[in-house]
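Student: Got a predicted model here, sequence first, then my questions.
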Amino acid sequence: LAKTTQPISMDSYEGQEVNITCSHNNIATNDYITWYQQFPSQGPRFIIQGYKTKVTNEVASLFIPADRKSSTLSLPRVSLSDTAVYYCLVGTLHGKTSYDKVIFGPGTSLSVIP
Amino acid sequence: NAGVTQTPKFRVLKTGQSMTLLCAQDMNHEYMYWYRQDPGMGLRLIHYSVGEGTTAKGEVPDGYNVSRLKKQNFLLGLESAAPSQTSVYFCASRLAGSMSYEQYFGPGTRLTVT
C-alpha cells in the first residue's frame, strides 16, 4: 500500500474554503484515493473517493493531478461542525479471495475557528 | 437499519482477564474489520474477514483472535488482556464487489486494561 503524508493540523475560519493535501508518491496504477472524516469519540466516516481528475459530492471535492502523486480534499465554506480529523488513504480494491487492507495514518486535525 | 453496532461500549479489565467484543452489521456486507485506535494515532488494522468462515491478520494481530461464524457478526477476542491493549476498538464493514472503498464504522468500544 502506498504511504501517505498529510499535514498534522490545520486551522481555518468559519466560511472559508479548506484544502487538505495528501502526498502519495508511490501510488500504484490500480490504487484509489479515499478520504475519511472522524469526530471525537466516533468511528471514521467516508467522505469521498477518486481515481483521477476531479470528483465532487454534496460534502466535498477531491482533486487529483495527472501524475496522481498527490490529492487535495476541498471543503467549501467550513463550519464549526467540520472540526474533525481527516484521513487520506490510498489502496487497491481486491477481490473476495485476496487481501483488502487499508492503512490509516495519523490524519490531519482540522480546527474551525469562529 | 442499525448499521454497525458494537458491544460493549466500555469495559475495564484486569491484566490476564479475557473478553470478547461483538460486532454486528445488518447491511449484508461481506467484508468486516477490527481496528484499534490509540491516542493521537490513526487506526491500525487488527484482523479482517472477507466472508463468513474466513479471517486474516492485519497489521497488529498479536494478542487477538477473531471469528466469523455468521456473516453478520465478527467477534474479537482477547485471551489474556495486557495494559498495552488499552485502546478504542472499532469495527467496520464493507460491501464486496463494489468499486467503493467505503467502510461503515461502528461507534467503538473503549477498553481499559489495568
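Tutor: Good, I have the coordinates. Numbers count the residues shown, from 1 in each chain, chains lettered A, B, ... in the order given.

Student: okay, whichever residue of chain A sits closest to chain B: pLDDT?
Tutor: In chain A, the residue that lies nearest chain B is A:G43 (2.8 Å; CB to the nearest CB). To be clear about C-beta, it is placed using only N, CA and C from the backbone, and glycine gets the same treatment. Looking at A:G43, its pLDDT is 94.

Student: Test of understanding: give the bridge partners of the residue nearest to it when sequence neighbours are not counted.
Tutor: Spatial nearest neighbour of A:G43, chain neighbours left out: B:F105 (2.8 Å); criterion: CB to CB, 6 or more residues apart in numbering or on different chains. Counting by DSSP bridges, B:F105 is bridged to B:A92.

Student: where in chain A is pLDDT low?
Tutor: Along chain A, segments meeting pLDDT under 70 span A:1-2, A:93-102.

Student: And the strands in it, which stretches?
Tutor: For chain A, applying DSSP state E gives strands covering A:9-13, A:18-23, A:32-38, A:45-50, A:53-56, A:61-64, A:70-75, A:84-91, A:108-113.

Student: how near is the residue of chain B most remote from its centre to A:T92?
Tutor: Distance to the chain centre peaks in chain B at B:M99, reaching 23.1 Å (criterion: CA atoms, centre = their mean). Counting by CB to CB, to the nearest Å, the gap from B:M99 to A:T92 is 11 Å.

Student: B:L21 is in what secondary structure piece?
Tutor: Following DSSP states H and E, the helix or strand that holds B:L21 is strand B:19-25.

Student: Would you indicate which residues of that strand are buried?
Tutor: Neighbour-count burial for strand B:19-25, with 16 or more other CB atoms under 10 Å in any protein chain shown as criterion, is recorded at B:M19, B:L21, B:C23, B:A24, B:Q25.

Student: Kindly report the same for stretch B:1-13.
Tutor: For stretch B:1-13, by 16+ other CB under 10 Å, it's B:V4, B:Q6, B:R11, B:L13.

Student: With respect to chain A, which of those residues is nearest?
Tutor: Looking across these and measuring by CB to the nearest CB, the closest to chain A is B:V4, at 7.7 Å.

Student: How about that closest one, nearest residue that isn't a chain neighbour?
Tutor: B:G106 (3.9 Å).

Student: Closest to the centroid, which residue in chain A?
Tutor: Centre-nearest of chain A using CA atoms, centre = their mean is A:W35, 3.0 Å out.

Student: any idea how far stretch A:83-92 is from the chain center?
Tutor: Relative to its chain's centre, stretch A:83-92 lies at 4 Å (CA atoms, centre = their mean, to the nearest Å).
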